[in-house]
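Asks: Task: produce atomic coordinates for the following.
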Amino acid sequence: MLFIWRQDDVIDWWLLRDYDPPAEIVELAENTTMTDLGERYFYVYQPQLLDRETFRQQCIVAEKSIVLGCYVSRQGIYIYDVTDEQLAGIREVTAAHEMLHVAYERLNTAERERIDELNLAIYDQLDNERIKRTIQAYRDRDPNIVANELHSVLPTEVRELDNPELEEYYAQYFDDRLAVVEYSEQYASVFDEARQRVEQLDEQLKQQRDEIDTLQTTLDNQASSLEAERSRLNQLFEDEQFEEYNEGVSTFNANVQSYNETVNRLRSLIDRYNRLVAERNDAVVAFESLTTSIDTRPPDTIDPLQ
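Replies: Below you'll find the model as predicted:
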């Protein structure tokens, strides 16, 4: 096995001998604090930042989830060039993630099994629904790639690994692993806040819709009572029972005034509801804009926002 590692070293040297990484690639390595070994694994297959169409051509994944980078074994690292300033850091996390796929591929069997076991133990205790959903998506696609993906996801997206062995292992590739995690937390919070804003507005809309429905029911009942009272008073008037009629008119008019006030309150609620609908629609557009800015899927695979 020692010969294989030496052979890899020679091959890496050969591939890197004339490679001069572009400034934006160097910046990704520096921002993620890659060590010399991390940089070597990152640079050896000449990583590229690509626009959406070119990225789709290089990273063909048989799934409907959004993919921001890929490592094609022994060929190249491809990173989608996300330009939305709100998502600063997403390219760095993707670069670190893909570099770790190269590192995982280089592990010997015994070391890979050791790291897989440690990562799985961390994952089983993890309380992060977003990461759980991410790993489940990988599992649904192909259970055999889960260990490889955990090797890339956990160190770049989880702040506390709670295992000195793992921290020591990942320190081979990063001088400061938490610098990568901070990038991950930064852009993840942008999505979380945008999603939470839509959810908050949806909840407010539900509450206001319930209030409107309740008030509308009250108005319907009041209207029925008023119509019945109007018919009774009209009959009293026709029967020339004026004293009883006059006694009922004042009460009827007070009830009409109350009804009209309730109508005005309902109109005010409906106006507020409609303004909230517009605000909610704006929030959805903002969230969808974020999603679109990282969406590398072909148009026919894009699912509607739920």
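Asks: can you pull the contacts of the residue nearest to the spatial centre of the chain?
Replies: Nearest to the mean C-alpha position of the chain, by CA atoms, centre = their mean, lies F191 at 4.7 Å. F191 is in contact with F287, L290, counting by CB atoms under 8 Å, 6 or more residues apart in numbering. Every residue, glycine included, has its C-beta placed from N, CA and C.
Asks: again, but for V26
Replies: Under the criterion of CB under 8 Å, 6+ apart, V26 has no neighbours.
Asks: pLDDT (mean, whole number) over the helix or strand in which it is found?
Replies: In this assignment (DSSP states H and E), V26 forms part of helix 23-31. Averaged across helix 23-31, the pLDDT comes to 98.
Asks: And that helix, what's buried?
Replies: For helix 23-31, a neighbour-count test (16 or more other CB atoms under 10 Å) marks I25, L28, A29, N31 as buried.
Asks: for the residue of the chain most remote from its centre, helix, strand, or coil?
Replies: Each residue of the chain has a distance to the centre, and by CA atoms, centre = their mean the biggest one is for E240: 72.8 Å. At E240, secondary structure determined by DSSP: H, G, I helix; E, B strand; the rest coil is coil.
Asks: where's it relative to N246, distance?
Replies: 12 Å (CB to CB, to the nearest Å).
Asks: same question, Y173
Replies: 93 Å.
Asks: what does stretch 164-176 contact?
Replies: 32-35, 37-38, 41, 96, 99-100, 103, 115, 118-119, 122, 154-155, 161, 177, 180.
Asks: quick one: buried residues of that stretch?
Replies: L166, Y169, Y170, Y173, F174.
Asks: Report the mean confidence score over it.
Replies: Stretch 164-176 shows an average pLDDT of 97 in the prediction.
Asks: could you list every residue that touches R280?
Replies: V198, L201, D202, L205.
Asks: and the residues you listed, which are buried?
Replies: V198, L201.
Asks: Tell me the one of the contacts of R280 nearest A254?
Replies: Closest approach to A254 among these (CB to CB): L205, at 34.1 Å.
Asks: Make sure that closest one is actually in contact with N274.
Replies: No - judged on CB atoms under 8 Å, L205 makes no contact with N274 at a distance of 10.2 Å.
Asks: one step back: can you give me the distance of the residue nearest to the centre of the chain to A23?
Replies: Look at F191 and A23: by CB to CB, they are 28 Å apart.
Asks: Tell me where the model's unsure across the chain.
Replies: Of all residues in the chain, those with pLDDT under 70 make up the ranges 1-6, 61-66, 298-306.
Asks: Relative to T83, how far out is S289?
Replies: In terms of CB to CB, S289 sits 12 Å off from T83.
Asks: before we move on, the earlier item: the helix or strand hosting the residue nearest to the centre of the chain vs helix 23-31, what angle?
Replies: Assigned by DSSP H and E, F191 belongs to helix 177-238. Here helix 177-238 runs at an angle of 90 degrees relative to helix 23-31 (axes from the mean of the first three to the mean of the last three CA atoms, to 10 degrees).
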